[in-house]
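Engineer: The sequence and its predicted three-dimensional model are supplied below.
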Amino acid sequence: MAKSRSLPQLAHIISSRANAIYDNLNNNDLPQPSFDYGAEIRTEPFSRELEDSRAQLLEAMDELQSLILGPVGHVFFMSFLGPGRAATLHAIYKFNLAKNVPLTKPISYASLASRCKLSEFFTRRYIRSALSLRIFSETAAGLIQHNAASAVLATTTLHEWLGMASEELAPAALKVAESIQRYPEGQEPNQSAFSIANGFGGEKDLFAIVSEAPPERMGRFADAMSWSMRVPGMETSYTVDNLGWSSTTYGQGNGAGGKAWCPKTIVDIGGGTGILSKDILRKYPGVEKAIVQDLPEVASQGHGAQDVPEDIKGRLKFQSYNFFTEQPVKGADVYLLRCVLHDWPDSYAVSLLRNQIPALKKGARLLFNERCLGRPGSLSHVWDQFASSADILMQLCANGKERSREDWVSLLAAADERFEIASVTTPAHSALSIIEVMWRGEDKPEGVAVKKLGYKLINGVKTNGIMEAQVDAEPIGEVKKSNVAETNGVSVKGIATEVEVAKSEAKKDLGANGANPNRAEINGAEVNEDVILGIEVQPTSQGGKTGKSFGTEGSIIGLFTV
């Protein structure tokens, strides 16, 4: 552990950095920080020099406070102040205290109480608690008026974030210990603290719960998530300005050998209403098309967006997509995932990544815009507080996690060894890294994920949910029309599979000892006893055929072959 700095050292840092910030703002004609109503709400990072000074100042202030309080005071005051602050912030949200204070004039406690349908006693109590947190201000005459913080709550969706933090995250935080005790492995989203707090432990995950909630709750969740991407360190400019693409090269090359390039087509997976994609299109005219994918209820919001500038209209498309199904957009240059994978445990993240593979051409890139955790203290304690809080929030929400570089390497290896991390870029003061992943698989024809071939089944068994098929060595033809196989002339889900029949020349046991066995599986899920549905065949360890048999000799089964 690093040795603490002395009081004079910390005082010097605080003084020098505060003066540097003051001078920098003055020299650039920027407003000074203020608690007053009307203070600027900054939505973009400052210059690198100013951001450096801010980070050093915040770290020194945090260290000084902890040092002055001492070990007992440090721990006690965190636990003592926490519940009261949480109650105050919840009251501000629940009773619309900020929204009921006029923007341009003060209001009495009695009038505010009437507007909020509260007693004056409780109104005064919670406003004065908020005043201690520098939210609102009180005039000399004892009237309440807005300051900078309360005005933001009154006029932006930060209010919805406050509601989600108070009514969704806080109750779940108190169930974390229970979730660990009930589900020690913690690998299922529906076993999270959030699920338990909502009465659905082991049944429904956060996304199912919210999607079935009343519109007001769903709207609050969407607004809160949108706001969380605007806080310092999360601005999209950190990503857009550090992609390494050429803003003048129009869809040329693939960046090999360090040459300037710009992708033609990008797919923004789980991209919400397209905030990141819009900024990318503005920055890089060489990107011909951005396809933003999300669940139908989210994608529909993007379809109705009216704020797309004329210069990017025709280049932005919204598409409904569940990323636990096969990626429908084949052959794109770049697939983006911003703050998506951290929502999910490793097994689900692996499934998500595998669902992209059928769409990937050789050299395609996946860009993860996610945290890449370093060793504790490698940056600062203030930084670690935000990163570790984000990690805990991911756990309590859906048993997700923030990941280190080592975690990312392991995750990609589990998904497919042909994924390779090409670079990890963490812009200064950005909360998120840009993790560039290259696909080293072979080229596939554009628009075709894999070739779907029909084989005659010689024998087949199922062991621990995994199908092992003994089939003719040569396919009897390409499966057309669908990925669905047919057994004994019975189609699945009413979709018939056409097969061009050709005489088989040889037979090969793909499951016996000493052979080159393959296995077929769908994310470990049970497969219909008689049919294998469009499954990717992957090499596995050699082994014999044991377990429950499936299928009938001579049946036609449809397998993917890469």
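Structural biologist: Cool, the structure landed.

Engineer: all helices for the stretch 301-450 of the chain, in order.
Structural biologist: With DSSP state H, counting those that start in this stretch as the criterion, the stretch 301-450 of the chain has helices at 346-354, 381-398, 405-415.

Engineer: okay, these in TSV with distance to Ser423, mean neighbour count and mean pLDDT next?
Structural biologist: All C-beta atoms are positioned from the backbone trio N, CA, C, and that covers glycine. Written out in TSV, the entries for the helices of the stretch 301-450 of the chain read as follows (distance: least, C-beta to C-beta, whole Å; neighbours: other C-beta atoms under 10 Å; pLDDT from 0 to 100):
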stretch	distance to Ser423	mean neighbour count	mean pLDDT
helix 346-354	18	20	97
helix 381-398	20	18	95
helix 405-415	11	16	97
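
Engineer: Could you export those as CSV, including distance to Gly219?
Structural biologist: Converted to CSV, those look like this (distance: least, C-beta to C-beta, whole Å):
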stretch, distance to Gly219
helix 346-354, 26
helix 381-398, 18
helix 405-415, 32
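
Engineer: Can you check which of these gets nearest to Ala55?
Structural biologist: Evaluated over the helices of the stretch 301-450 of the chain, closeness to Ala55 peaks at helix 381-398, with 7.5 Å, by C-beta to C-beta.

Engineer: what are the C-alpha coordinates of the closest one, in PDB please?
Structural biologist: Written as PDB, here are the backbone C-alpha positions of helix 381-398 (Å, rounded to 0.1, in the frame of the first residue of the first chain):
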ATOM      1  CA  HIS A 381      -8.500   5.800  -4.900                       C
ATOM      2  CA  VAL A 382     -11.200   8.100  -6.300                       C
ATOM      3  CA  TRP A 383     -11.000   6.300  -9.600                       C
ATOM      4  CA  ASP A 384     -11.100   2.900  -7.800                       C
ATOM      5  CA  GLN A 385     -14.200   4.000  -5.900                       C
ATOM      6  CA  PHE A 386     -16.100   4.500  -9.100                       C
ATOM      7  CA  ALA A 387     -14.800   1.400 -10.800                       C
ATOM      8  CA  SER A 388     -15.500  -0.900  -7.800                       C
ATOM      9  CA  SER A 389     -18.900   0.700  -7.300                       C
ATOM     10  CA  ALA A 390     -19.700   0.000 -10.900                       C
ATOM     11  CA  ASP A 391     -18.600  -3.600 -10.500                       C
ATOM     12  CA  ILE A 392     -20.800  -4.100  -7.400                       C
ATOM     13  CA  LEU A 393     -23.800  -2.500  -9.200                       C
ATOM     14  CA  MET A 394     -23.300  -5.000 -12.100                       C
ATOM     15  CA  GLN A 395     -23.300  -7.800  -9.600                       C
ATOM     16  CA  LEU A 396     -26.400  -6.700  -7.700                       C
ATOM     17  CA  CYS A 397     -28.400  -6.000 -10.900                       C
ATOM     18  CA  ALA A 398     -27.800  -9.200 -12.900                       C
END
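
Engineer: Mind naming the longest helix for the protein?
Structural biologist: Looking only at the chain and at elements set by DSSP state H, the helix with the highest residue count is helix 48-94.

Engineer: Which elements pack onto whichever helix or strand comes after it?
Structural biologist: Next in sequence after helix 48-94, counting helices and strands by DSSP states H and E, comes helix 109-116. Counting contacts by 3 or more C-beta pairs under 8 Å, 6 or more residues apart in numbering; DSSP states H and E, helix 109-116 packs against helix 120-132.

Engineer: how about the helix it packs on: buried residues?
Structural biologist: Buried residues in helix 120-132, counted by 16 or more other C-beta atoms under 10 Å: Thr123, Arg124, Tyr126, Ile127, Ser129, Ala130, Leu131.

Engineer: So for Arg48, which of the helices of the stretch 301-450 of the chain sits nearest?
Structural biologist: With C-beta to C-beta as the yardstick, what comes closest out of those is helix 381-398 (16.0 Å).

Engineer: show me the contacts for Ser430.
Structural biologist: In this structure, Ser430 makes contact with Gly233, Glu235, Tyr238, Thr239, Asn242, judged by C-beta atoms under 8 Å, 6 or more residues apart in numbering.

Engineer: ok, and what's touching the helix or strand encompassing Trp161?
Structural biologist: Trp161 is part of helix 158-164 when elements are defined by DSSP H and E. For helix 158-164, the surrounding residues in contact (C-beta under 8 Å, 6+ apart) are 89-90, 92-94, 98-99, 152-153, 219-221, 223-224, 227-228.

Engineer: Next SSE downstream of that helix?
Structural biologist: helix 170-173.

Engineer: any idea how far that next one is from the chain center?
Structural biologist: Relative to the mean C-alpha coordinate of its chain, helix 170-173 is positioned 20 Å out (C-alpha atoms, centre = their mean, to the nearest Å).

Engineer: Ok, stretch 318-338 next?
Structural biologist: Counting by C-alpha atoms, centre = their mean, stretch 318-338 is centred 14 Å from the centre of its parent chain.

Engineer: for the stretch 1-150 of the chain, which spans come out with low pLDDT?
Structural biologist: Per-residue confidence of the stretch 1-150 of the chain (counting by pLDDT under 70) places the weak regions at 1-2.

Engineer: show me the contacts for Arg418.
Structural biologist: For Arg418, the contact set (C-beta under 8 Å, 6+ apart) comprises Trp439, Arg440, Gly441.

Engineer: Would you agree the second one is in contact with Lys362?
Structural biologist: Yes: at 7.3 Å, Arg440 counts as touching Lys362 under the criterion of C-beta atoms under 8 Å.

Engineer: Next up, identify which helix or strand the closest residue to Ile41 other than its chain neighbours is on.
Structural biologist: In this structure, Ile41 finds its nearest non-sequential neighbour in Val152, 6.1 Å apart by C-beta to C-beta, 6 or more residues apart in numbering. Using DSSP H and E, the element containing Val152 is helix 148-155.

Engineer: can you list the residues that contact that helix?
Structural biologist: 34-39, 41, 92, 98-99, 101, 103, 130, 134-137, 146, 158-159, 162.

Engineer: gap between that helix and the chain center?
Structural biologist: Shown here is helix 148-155, whose average C-alpha point lies 27 Å from the average C-alpha point of the whole chain (C-alpha atoms, centre = their mean).

Engineer: The closest residue to Met229 other than its chain neighbours: neighbour count?
Structural biologist: Spatial nearest neighbour of Met229, chain neighbours left out: Ile275 (6.7 Å); criterion: C-beta to C-beta, 6+ apart. Neighbouring residues of Ile275 were enumerated by other C-beta atoms under 10 Å; the total is 18.
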